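S.K.: have a look; sequence and predicted model below, questions after that.
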Amino acid sequence: PQFHSSNVGLPVMASSNEDDTSVSSHLVQTDLHFTRNRVKLVIIGERNCGKSSLIRRLKWDVYVEDAPEQESQQVLTRRLQGKTNKVELIECDAESLLVDDSVEEEQRKYLRNITDWVDINGVLVLYDTTVESSFDKSIDYTKILSRALPPSCDIALVGTKCDLKESRKTSFQHADSIAERMGLSLFEVSAKTSINCSICLDEIMERIVERRQPSVESYVTESVYPSDDHSPPPPEGASFLPSILCFRWWSR
């Protein structure tokens, strides 16, 4: 297969940011409790819209013609605001959002479980800019996701194959007007030429990090990485009786 990469000759498994985060990457992927700087993203769209190509570009900074199927979940590291973040990219076919009564029970069970993505931080809904019906379908999928996911989950529209200008069917102006009306961010990317791929990921990650509640961050930090107790002293006149009772109970 042919490779299109900003790093010519780079092996497929190499990472564009390996030099900066090689040690951190190892720690992130082996530490099961690495949750403080974790971002979980779903990349969803119709078949052949460029989901796998975008993930390969984001993780390995390569483009592969006629690439074989890859694992639906990939993990990479990303530097953001001076911190190394673990980013989980989950590929999902948009057709799985549409529940069909004729499907078998196992498939129906899988479809129902999509509404249980409570730990998803963001979703990139992809559409093919060279297929006329692709954008309209991506809007339908976005509406389904908006009802199924918590409000804290960021959803963005991503038009793929923007380098194929002569084959374009959906203009940026048309997509942008609808995305703005729905309160969504819009990106146009090309996995083949790497246009806007990193920008898209970085911007959605920044929004996710900014939207995280300080109280949640504090809870995760103290639960997973206990530190010295820096809580303020109790108000004057407060009773220490509950603490004494707890100590005596545990001492039995």
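M.R.: That came in fine, so what should we check first?
S.K.: what is the mean pLDDT for stretch 193-212?
M.R.: Per-residue pLDDT over stretch 193-212 has a mean of 93.
S.K.: next, the buried residues of that stretch.
M.R.: Within stretch 193-212, the residues that count as buried by 16 or more other CB atoms under 10 Å are Ser194, Ile195, Asn196, Cys197, Ser198, Cys200, Leu201, Ile204, Met205, Ile208, Val209. C-betas here are computed from N, CA, C, even on glycine.
S.K.: was I right to think the last one contacts Arg78?
M.R.: No. If you go by CB atoms under 8 Å, Val209 and Arg78 don't touch, sitting 10.7 Å apart.
S.K.: okay, and the common contacts of these two?
M.R.: Residues touching both Val209 and Arg78 (CB atoms under 8 Å, 6 or more residues apart in numbering) are Val39, Asn85.
S.K.: any idea what the nearest residue to Leu41 once chain neighbours are set aside is bridged to?
M.R.: Distances taken as CB to CB, 6 or more residues apart in numbering put Gly122 closest to Leu41, at 4.9 Å, once the chain neighbours are dropped. Listed by DSSP bridges, the beta-bridge partners for Gly122 are Leu41, Asp154.
S.K.: got it, and the one 5 residues further on?
M.R.: Beta-bridge partners for Tyr127, by DSSP bridges, are Gly159.
S.K.: do you know how far it is from Arg78?
M.R.: Shown here: Tyr127 relative to Arg78, a distance of 24 Å by CB to CB, to the nearest Å.
S.K.: how about the nearest residue to His174, chain neighbours excluded?
M.R.: Phe135 (7.7 Å).
S.K.: for that neighbour, give me its contacts.
M.R.: If you count contacts by CB under 8 Å, 6+ apart, then Phe135 has Tyr127, Thr129, Gly159, Thr170, His174, Ala175 around it.
S.K.: okay, the host helix or strand of it in CSV with CA atoms only?
M.R.: Assigned by DSSP states H and E, Phe135 belongs to helix 134-148. Provided in CSV are the C-alpha atoms of helix 134-148 (Å, rounded to 0.1, in the frame of the first residue of the first chain):
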residue,chain,number,x,y,z
SER,A,134,-23.9,12.2,3.7
PHE,A,135,-24.3,15.6,5.3
ASP,A,136,-28.1,15.3,5.8
LYS,A,137,-27.6,11.9,7.4
SER,A,138,-24.9,13.2,9.7
ILE,A,139,-27.4,15.8,11.0
ASP,A,140,-29.9,12.9,11.7
TYR,A,141,-27.2,11.0,13.6
THR,A,142,-26.3,14.2,15.6
LYS,A,143,-29.9,14.6,16.7
ILE,A,144,-30.0,11.0,17.9
LEU,A,145,-26.7,11.4,19.8
SER,A,146,-27.9,14.7,21.4
ARG,A,147,-30.8,12.9,22.9
ALA,A,148,-28.7,9.9,24.1
